[in-house]
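[1] My questions are about this predicted structure, shown below with the sequence.
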Amino acid sequence: MTMLTVVRTMTWDPFPGRSEHLYHPFIDALPASCDVRPGKDPRVTLTWMDSQNLLRQAPASLQTALASARLLVDAQRSVQIPFFTQGQYVTGDAFAMFGIPMAQGRAWAREDDAAHARVVVLGQDLAARLGSEGLVGATVRLGGQAFRVVGVAGPWSPRPRFYTDLQQDVFKGREDFFIPISVEAELQMAVSSSVFSWSSDKPLNRLQDARTSWVQFWSSCLTRPVSSSTSASWATTHVHSSRPEGLTGQPRRGWCP
């Protein structure tokens, strides 16, 4: 019975009707001299540079860069004692691509991503703790920063949480907030995702260094079909044209559903 339960849990489709349209790119940014240790493979994530180039140039109709976060909810509104909560840094396409429903307000647009707009979509649980009434348009403080609430997400809890850091527990937890990943980069906010670095020095901004990977990336061809060969060809061209001097990364596998 235990074996059957495990098999069922590990093989069900967390996104019926959407999974077949989702793709996860793999780009090997490691230098040829870098050894990969079992269980600690930097290639399961992307560098910041690669994720941004994908967002700007890749052929998919919807795509998002993601990273996990654990932020302090400061004392405010109905919160008297600060507490930590978890969520995701994403781009605006994540809501349409993953089918995240909106109970109040709206998701943000690509223009907000480009403008580094300090906006947030709250999960229902966090919204309830902050006092659900009148939240849309209000300002809340997360991680020591002020954000304007543009929406409150409805129930959304896929299992497993395939879209996030697979080095962590993907069968429990929830997303209490969604913040633009461009804002995380600008403010250098805390990231709770696995961070891999193969640099021997200490760059000023490690997360944006070309020798550090930490970003999850998903794309969808739901509204504009793109062949695997087209995506793989783009990934190969991107790798050869964007590697900084001294890096000899190759695409391990273009895109895989």
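    Happy to help now that I have it. Please read all numbers here as calculations on a predicted model, not as lab measurements.

[2] quick one, strands of this structure?
    Read by DSSP state E, the chain holds these strands, from start to end of the chain: 22-26, 46-47, 62-73, 83-90, 102-105, 119-122, 139-142, 145-153, 177-180, 196-197, 212-220, 253-256.

[3] Single out the most deeply packed of those strands.
    Between the strands of the chain, strand 119-122 has the highest mean count of neighbours, a mean of 27, where neighbours are mean count of other CB atoms under 10 Å. From N, CA and C alone the C-beta is placed, and that goes for glycine too.

[4] I'd like to know which elements that one is packed against.
    Other helices and strands packing on strand 119-122, by 3 or more CB pairs under 8 Å, 6 or more residues apart in numbering; DSSP states H and E, are strand 139-142, strand 145-153, strand 177-180.

[5] Could you tell me how far residue 52 is located from residue 140?
    Noted for residue 52: a distance of 27 Å to residue 140, by CB to CB, to the nearest Å.

[6] could I have stretch 115-122 exported to CSV, CA atoms only?
    As requested, the backbone C-alpha atoms of stretch 115-122 are provided in CSV (Å, rounded to 0.1, in the frame of the first residue of the first chain):
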residue,chain,number,x,y,z
ALA,A,115,9.5,49.2,-14.9
HIS,A,116,10.5,47.2,-11.8
ALA,A,117,7.1,48.2,-10.3
ARG,A,118,7.0,47.5,-6.6
VAL,A,119,3.7,45.5,-6.7
VAL,A,120,2.6,42.3,-5.1
VAL,A,121,-0.1,39.7,-5.4
LEU,A,122,-1.0,38.2,-2.1
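
[7] can you list contacts of it?
    The list of residues contacting stretch 115-122 from outside it, by CB atoms under 8 Å, 6 or more residues apart in numbering, reads 95, 100, 102, 105, 107-108, 112, 130, 135, 140, 142, 145-153, 176-180, 182-183, 186.

[8] now swap in stretch 201-216 and tell me
    Outside stretch 201-216, the residues touching it (CB under 8 Å, 6+ apart) are 29, 42-43, 45-51, 65-67, 163-165, 181, 185, 188, 191, 193-199, 244, 247.
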